[in-house]
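Asker: Fold the stuff below for me.
(chains A and B)
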Amino acid sequence: MRGTRRFWLAVAATASLGLGSAVLDAPLLTLGAAGLAEWLLATQLAFVRAVSEVERTLTVKQSFDRTRVRTGVETDYTLTVSIDAVGEHLPLSVEATVPIAAQVASETPPMVALDQSTRSSTVTVPVTWRTVGEHTVPPATVTVRDSSGLFAQSFPTEPGPTVAVESPSLGPVHVGQSGKQLLRGVGEHEARGRMGGLSAEEIRKYVPGDALKYVDWKATARLNEAHVRNYEAESNRDVVLVVDHRHTMGDGPPGETKLAHLKAVATAFQERAEAIQDPLGYLTVDETGVTGSMAPVARADAYESCRHRITDLTPSSKRPAAASEPIVQTDAITGALRPSASTQSPIERTLLAYRDATGPRRHLPDQPLYNGLQSAHRGIRQADLLVICTDDSNPSELRNTVGVASRNATEVVVFITPSVAFESALLANLDDAYSRYQAFDSFRRELSRIRGVTAYEVGSPDQIAALLAGSEQTEQGGHA
Amino acid sequence: MSNRVPTTVRSLGTGPALLGLLGVAAAAGGLAQTGPMWVSVGGLALIALYLVDSPVVTVVFAHVALVAAGTPSPFTLLVVEGGLFFVLFSTALATPNGWTTGFLTTAIVPALAGLAWLSLTRFRLSPLVVGATLLAGVAVASYLLHRYLLVDLDVVTGDESPDRDFT
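Answerer: I've put the predicted structure just below:
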């Protein structure tokens, strides 16, 4: 307990009366000093009782909206103070101490004040974490004041929550379809190349439909049951990574952007190709067009070049031009109307695809991914495996791009980051988010139905799980 | 940081404030009864001091005025001291835990002030001795309350182990 300035002034006044009584030999002043001193003592005694009561009935809760965050990410810190007192209580304030590893936007620390009649109050402040590690919020400090302004007492509360702060490196990556994780490792693929032989893979039981030539007679005789031997083609096949790094690829929390996820996927393909010595090439695209390309080559320096290119990719800062220009454009040569991709009807799309495949290469406005692949080196377009890494922000362009890829390459694998899974306000409206995810999944399945094309979703497992939780909620709501 | 002690004008819309005003008016009236004209002016100053929310200064000023006015009659003394008690009592009542503070004020102040007065008048003790004893006693009691609160709030522990180990 500490006395305020007012208290010490009262003590000084009391002492002055006492001193005056001694100097002037005036008993009346002694009486005044005695009355004041005892009044101060009575007030202090009442204050002690009241503070003990406050300490018993006060509840201070410190919480974060997340207990696991990454550095540089903003989290909400909430300080809730409530008191279960009968009648009025002493005015009090609770001041929190934010860990030194965190930074608060405001200069003053988070504080809640309760006046005599207020029962509870809450304050929420954004906090940005700077240092990796586990940080426990120190105890908040409760300060109770005497309403006559004579005394104050501070005491600590229980320590706050512990927050695990991690580096902004990418965690596990979800690669799958319709929310189901892809079981086979990313980058692994069946050999369907143009060159190579066969290697024995495994022996398994015969099932109707297996060709007789694959029956392993020795194993059949040994195991007394028909067995066949599986073979896997050994080949070197050209692999080309097409990576989109336009500004929309920067969506998501720092270190967990769309591009960061797709870079992890592309790196897996690069490592796999290097491990089995598949020729590897790349094509990178942003709003301005092609930013880098390399035809498939099976050389150590090519693998290294590709790895560096993928690693160095950053989302471009340029935003797309506003969609103010008319969608319909006039073809200068033929004089025919040429609708843009977003307004094409299915029949127009089909006819234009044929024209693109047979006629001179045409560029579509605001479709750099499509244009980049269309105008790429033949070795890139006609790879055995074309891996496209992009997002779903421009479905019509992606549809066109996959169309071109499927007509040229042997196999096309598309990795798409659903934009809905990278929005910070995902949890705010799960129903809406889930419906958007369904639209994305429908689009992904549409791409997968194209011959030779397989499309996967890529994202954070936590975000995908949160979206699927939205589906469960929707179903429960439906049943109810 | 400002060194000024915050002062406010007292609101008279509450029961304790009216009680205090009654007390200070009684004290001012008692002072006026002592005779000199200037003491009546002092009584008005007393009311003004109470209104600017300075009960301690009010009590100090009233006692200085009493001494300056000469020896008051027992009745006048009773009226002034009674009025000043109500000033302190009303301040105690105005706190959130007003009844507790008021009860403690009622229990402690008259008892100990009466004891001091008896020591001065009946036992003829020196004001210096009585004042020093009283202030020392209150200081010790105040410190004990301070330590009790610290232990009660777990700011310090009651069974603190010695920080030195003699072997």
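Asker: What segments of the stretch 101-250 of chain A are strands?
Answerer: All strands of the stretch 101-250 of chain A, identified by DSSP state E, counting those that start in this stretch, fall at A:102-104, A:111-114, A:120-129, A:133-136, A:141-145, A:151-156, A:162-166, A:174-177, A:180-181, A:198-205, A:227-233, A:239-244.
Asker: can I get these in CSV with mean pLDDT and distance to chain B?
Answerer: C-betas here are computed from N, CA, C, even on glycine. Below are the strands of the stretch 101-250 of chain A laid out as CSV (pLDDT from 0 to 100; distance: least, Cβ to the nearest Cβ, whole Å):
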stretch, mean pLDDT, distance to chain B
strand A:102-104, 84, 22
strand A:111-114, 90, 11
strand A:120-129, 89, 16
strand A:133-136, 87, 19
strand A:141-145, 91, 9
strand A:151-156, 90, 4
strand A:162-166, 85, 21
strand A:174-177, 82, 48
strand A:180-181, 76, 50
strand A:198-205, 67, 68
strand A:227-233, 72, 70
strand A:239-244, 93, 58
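Asker: is any part of the helix or strand bottoming out on mean pLDDT in chain B close to chain A?
Answerer: Lowest by mean pLDDT, DSSP states H and E among the helices and strands of chain B is helix B:37-51, with a mean of 78. No. Under the criterion of Cβ under 8 Å from any Cβ of the partner chain, helix B:37-51 makes no contact with chain A; the nearest approach is 11.9 Å.
Asker: Show me what counts as buried in that helix.
Answerer: Buried residues in helix B:37-51, counted by 16 or more other Cβ atoms under 10 Å in any protein chain shown: B:39, B:40, B:42, B:43, B:45, B:46, B:49, B:50, B:51.
Asker: Is the third one in contact with residue B:31, as I believe?
Answerer: Yes. The criterion here is Cβ atoms under 8 Å, and residue B:42 meets it with residue B:31 at 6.0 Å.
Asker: which residues do those two both contact?
Answerer: Shared contacts of residue B:42 and residue B:31 (Cβ atoms under 8 Å, 6 or more residues apart in numbering or on different chains): B:65, B:69.
Asker: What is the distance between the lengthiest helix in chain A and the centre of its chain?
Answerer: Identified as the longest helix of chain A according to DSSP state H is helix A:27-57. Its chain's C-alpha centre and that of helix A:27-57 lie 58 Å apart, by Cα atoms, centre = their mean, to the nearest Å.
Asker: Remind me what it packs against, helices and strands.
Answerer: Contacts defined by 3 or more Cβ pairs under 8 Å, 6 or more residues apart in numbering or on different chains; DSSP states H and E place helix A:27-57 against helix A:5-24, strand A:141-145, strand A:151-156, helix B:55-69, helix B:74-93, helix B:98-121, helix B:127-152.
Asker: most tightly surrounded among the ones you listed?
Answerer: Mean neighbours per residue, mean count of other Cβ atoms under 10 Å in any protein chain shown, is largest over the helices and strands packed on helix A:27-57 for helix B:55-69, with a mean of 23.
Asker: Low-confidence bits of chain B, can you list those?
Answerer: Residue ranges of chain B with pLDDT under 70: B:1-13, B:35, B:53, B:157-167.
Asker: repeat that for 50
Answerer: Counting by pLDDT under 50, chain B contains low-confidence ranges at B:1-7, B:162-167.
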